[in-house]
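Novice: pasting the sequence and the predicted model now:
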Amino acid sequence: MDKTRDFILGGLSRFGLANLPGRPYDSAFELIASPPIRKRLIVMGFNGSSADSHMTNSQSIIQDHSKPLVSNVHLGTQGEWGITHLAKRLQQLPISLGYRWEDVVFTNALMMCSTNASALKQEASRHKLTVEQLVKYSTRFFENVTIPLCKPELIIAYSNSLQTLSAANILLKHFGDPSTLIYTQQKGYYTTFAFSAVLNDVKIPVICVRHMSRFKPSEELIESAREMMKGL
C-alpha cells in the first residue's frame with residue numbers, strides 16, 4: 001500500500017495538483033492499492049463538492065492510506081455528503097451492471113473541488129490556475145496515474161453536457177473518438193450516450209449519463225449503450 005500511496009502522491013505533485021482542495025478517489029484505499037485486474041469499472045463525476053474542501057488532494061491520499069478499509073462512497077450513504085441519494089446511486093449503478101461497488105474506482109474528471117460548477121473558475125483562480133490548466137493537469141493525472149492502477153473495461157461518466165465543461169466533454173475531447181458517439185436517448189431527463197476512448201493504447205467504452213446528484217440514470221439505457229459499443 002505504501003508503494004501505491006507514493007505513486008499517487010508523486011503524480012499529484014508532478015502534475016501540480018497536490019495542494020488543491022479535493023479528493024482524488026472516493027473508493028477505499030485497499031481497493032486502489034489492489035491488483036489492477038480487480039478494478040474493471042471506473043465511475044467518474046465532474047469535480048468534488050465543498051464536502052471535500054477541508055483537505056488537499058495529497059492530504060486525502062495520506063488519510064485514506066491510514067484508513068484503507070474506509071470507503072468515502074459508503075460514508076456518503078451515511079450522510080457525510082449531506083445528501084445520501086448520490087452515494088446510494090453510485091453503489092446501485094455498478095451492481096446493476098454486474099460489478100461489486102466495492103471494486104469500483106470512483107473518481108472525478110477534475111482534481112479540485114468547488115462549491116458548485118459555476119464557482120470552478122473562481123476557485124481555480126484562487127490557486128493561480130486557469131480552468132484550462134486544471135483540465136490539462138487533471139487529464140494527465142487520470143491517464144498517467146489512475147489508469148495504470150486499473151484495468152478498465154468500462155468508464156461511466158455522470159456529468160454529460162457536450163456544450164459546457166463536464167466529465168463526458170473532457171473525456172471525449174482528450175481521449176475519445178467522436179466518430180463512435182452514439183445515443184440511446186438524445187435529450188431529456190434520461191439523456192444517455194456513449195463513445196470509445198483510447199487510454200494508454202487501450203480502447204475503452206465510455207457511457208455518459210446526467211449528474212446523479214440530480215438525475216436518476218436509466219439502467220436500461222446504459223445497458224443498451226453498452227451493448228451498442230460492443231459492436232464497434
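Specialist: Perfect, I can see it now. All of these numbers come straight from a predicted model, not from anything done at the bench.
Novice: from Ile62, how far off is the residue most central in space within the chain?
Specialist: Nearest residue to the geometric centre of the chain (Cα atoms, centre = their mean): Met44, 2.1 Å. Distance of Met44 to Ile62, computed by Cβ to Cβ, to the nearest Å: 23 Å. Where C-beta positions appear, they are placed from N, C-alpha and C, glycine not excepted.
Novice: which residues sit against the least confident helix or strand in the chain by mean pLDDT?
Specialist: Scoring the helices and strands of the chain by mean pLDDT, DSSP states H and E places helix 120-126 at the bottom, with a mean of 89. For helix 120-126, contacts defined as Cβ atoms under 8 Å, 6 or more residues apart in numbering pick out 21, 47, 110, 112-115, 130-131, 133-134, 165.
Novice: could you do stretch 159-174 as well?
Specialist: For stretch 159-174, using Cβ under 8 Å, 6+ apart, the contacting residues are 44-46, 108-110, 117, 120, 131, 135, 138-139, 155, 157-158, 178, 181, 191-193, 195, 197, 206, 208-211.
Novice: looking at it now, give me its mean pLDDT.
Specialist: Per-region confidence: stretch 159-174 scores 95 on mean pLDDT.
Novice: can you pull out the helices in this structure?
Specialist: 2-14, 29-32, 57-66, 72-77, 85-96, 120-126, 131-141, 167-175, 219-230 (DSSP state H).
Novice: what residues does the third one touch?
Specialist: Contact with helix 57-66 is made by 1-2, 5, 8-9, 12-13, 17-25, 28-29, 32, 52, 55, 70, 72, 111-112, as judged by Cβ under 8 Å, 6+ apart.
Novice: how about that helix: buried residues?
Specialist: Neighbour-count burial for helix 57-66 flags 57-58, 60-61, 64-65 (criterion: 16 or more other Cβ atoms under 10 Å).
Novice: residues of the least confident helix or strand of the chain that come out buried?
Specialist: Those would be 120, 123-124, for helix 120-126 by 16+ other Cβ under 10 Å.
Novice: partners of the residue nearest to the centre of the chain in the sheet?
Specialist: Thr107, Ala157 (DSSP bridges).
Novice: tell me which residues touch it, please.
Specialist: Contacts of Met44 by Cβ under 8 Å, 6+ apart are 106-109, 155-159, 167, 171.
Novice: same thing but at 7 Å, please
Specialist: By Cβ atoms under 7 Å, 6 or more residues apart in numbering, the contact list for Met44 reads 107-109, 155-157, 167.
Novice: neighbour count for these - can I get that in CSV?
Specialist: What follows is the contacts of Met44, written out as CSV (neighbours: other Cβ atoms under 10 Å):
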residue, neighbour count
Thr107, 24
Asn108, 24
Ala109, 23
Ile155, 26
Ile156, 27
Ala157, 27
Ala167, 27
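Novice: and which of these is nearest to Ile222?
Specialist: Ile156 (7.4 Å; Cβ to Cβ).
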